[in-house]
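*Asks:* After the sequence you'll find the predicted model.
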Amino acid sequence: MLKTLKWLLASLCAVIACIMLSLTLTHPAYGIGLFALGAFIVTPARHMKPMIAVLAILPTVCLGLRHTNFQVEIFDAQVKTLEPGQYTAKSDDIARLVTARLVIRDGGYLIFAEAHAAPGVGLDEGTLYREPHRALFYQGIPPAPDPKSDPVTAGIVYNALSKAMAGHVPRQEPEVPGGATQWGGGDTYWGMFPNEFDHRCNLQAARSGVWEGQSTNPHFPTRVRVTIADHKLANIEVLQKWHSEYGKAAFEQMPARMLQTQEVNLDAVSGATRSSLIVRSAVWNACQKAIAASPEPSQPAAQTVTQ
């Protein structure tokens, strides 16, 4: 009975070790340690030398299989060709470790991307979060991983994302991402700003003047007055605002940071993400009015306009 239990335990250790060494990215020491544990449970002292030789070969074979398993393809993907909706795809490694989900809005704009993996499989959590967000900025697969990202994890994430972007999976109706809803169904990134991918503003194309803008969030219609002079943000005044005690920091800090950096699409203030997006949306709206009023290149520049 004891001998049977030993062999069952050794077999279980060997199976788990093979999975860890060939199908996941967990540290090799853990898998090799399990191989060794299982071997020493059932190996008599007189057979220890041959067992050590086996332990030197099998983990190497498994690690070679893992290297092959994670050499996944990154597909040529153009989000502009996709119909609006949600697309979900799994990575092409044997265990399908990464699940990627993206949402395309009218016009072929990528407005949401995320990647998830089962815990304990050795994938870098920071990379799983960072690289889908970078895909939003590039509106596709980034040309190279961020220096802070794990290259292998990034490659697997890119594989899953590119499968979805390349139309290799069927279109689905968009779902609200987990954790995105704060105060009702409209309080998500694309629920708050249904016509906006981001809030970048091309100041070089903006006409000088004073422009009023309003957040497109239907629940919190914040209004601002933005002064643009010589293609620069000269002043930002909040005319109407709504915020909780937590959001107060965004209304105090975002306008000042925009003036300092001459950028509208800034990172949100920590702890005040929703309010930061509301301020950004309102300033972006004013900026779009300035761009729309800018004269054609062939026309003479007009005088400063107040709107």
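*Replies:* Now that the structure is in, tell me what you want to look at. Please read these numbers as outputs of a predicted model, since none were measured by experiment.
*Asks:* make it CA atoms for all contacts and neighbour counts henceforth
*Replies:* Noted.
*Asks:* Skipping adjacent residues, who's closest to residue 153 in space?
*Replies:* residue 123 (5.7 Å; CA to CA, 6 or more residues apart in numbering).
*Asks:* residues near the one you found, how many?
*Replies:* Other residues near residue 123 come to 23 when the count uses other CA atoms under 10 Å.
*Asks:* low-confidence ranges in the stretch 1-150 of the chain?
*Replies:* 1-3, 6-7, 21, 32, 34-36, 39-56, 106 (pLDDT under 70).
*Asks:* Strands of that one, start to end?
*Replies:* 85-90, 98-105, 109-117 (DSSP state E, counting those that start in this stretch).
*Asks:* Throw those into a markdown table and include distance to residue 211 and mean neighbour count, thanks.
*Replies:* Listed next are these as a markdown table, based on distance: least, CA to CA, whole Å; neighbours: other CA atoms under 10 Å:
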| stretch | distance to residue 211 | mean neighbour count |
| --- | --- | --- |
| strand 85-90 | 34 | 22 |
| strand 98-105 | 28 | 23 |
| strand 109-117 | 27 | 21 |
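*Asks:* Is the residue nearest to residue 153 in contact with residue 116, as I believe?
*Replies:* No - counting by CA atoms under 8 Å, residue 123 does not reach residue 116; the two are 9.6 Å apart.
*Asks:* which stretch among the strands of the stretch 1-150 of the chain comes nearest residue 268?
*Replies:* Nearest of these to residue 268, taken as CA to CA: strand 109-117 at 16.6 Å.
*Asks:* can you list contacts of that closest one?
*Replies:* 79-80, 97-105, 123, 128-129, 132-133, 135-136, 139-140, 157, 190, 197 (CA atoms under 8 Å, 6 or more residues apart in numbering).
*Asks:* any idea of the angle that strand forms with strand 85-90?
*Replies:* 30 degrees (axes from the mean of the first three to the mean of the last three CA atoms, to 10 degrees).
*Asks:* centre of the chain versus strand 109-117, how much separation?
*Replies:* Average the C-alpha atoms of strand 109-117, do the same for its chain, and the two points are 6 Å apart (CA atoms, centre = their mean, to the nearest Å).
*Asks:* Equivalent analysis for stretch 119-136, please.
*Replies:* With CA atoms, centre = their mean, you get 7 Å for stretch 119-136.
*Asks:* Could you pull out the buried residues of it?
*Replies:* For stretch 119-136, burial by neighbour count (16 or more other CA atoms under 10 Å) applies to 123-124, 127-136.
*Asks:* Tabulate those (JSON lines), appending distance to residue 166.
*Replies:* Listed next are the buried residues of stretch 119-136 as JSON lines, based on distance: CA to CA, whole Å:
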{"residue": "123", "distance to residue 166": "24"}
{"residue": "124", "distance to residue 166": "25"}
{"residue": "127", "distance to residue 166": "21"}
{"residue": "128", "distance to residue 166": "20"}
{"residue": "129", "distance to residue 166": "21"}
{"residue": "130", "distance to residue 166": "21"}
{"residue": "131", "distance to residue 166": "17"}
{"residue": "132", "distance to residue 166": "15"}
{"residue": "133", "distance to residue 166": "18"}
{"residue": "134", "distance to residue 166": "17"}
{"residue": "135", "distance to residue 166": "14"}
{"residue": "136", "distance to residue 166": "15"}
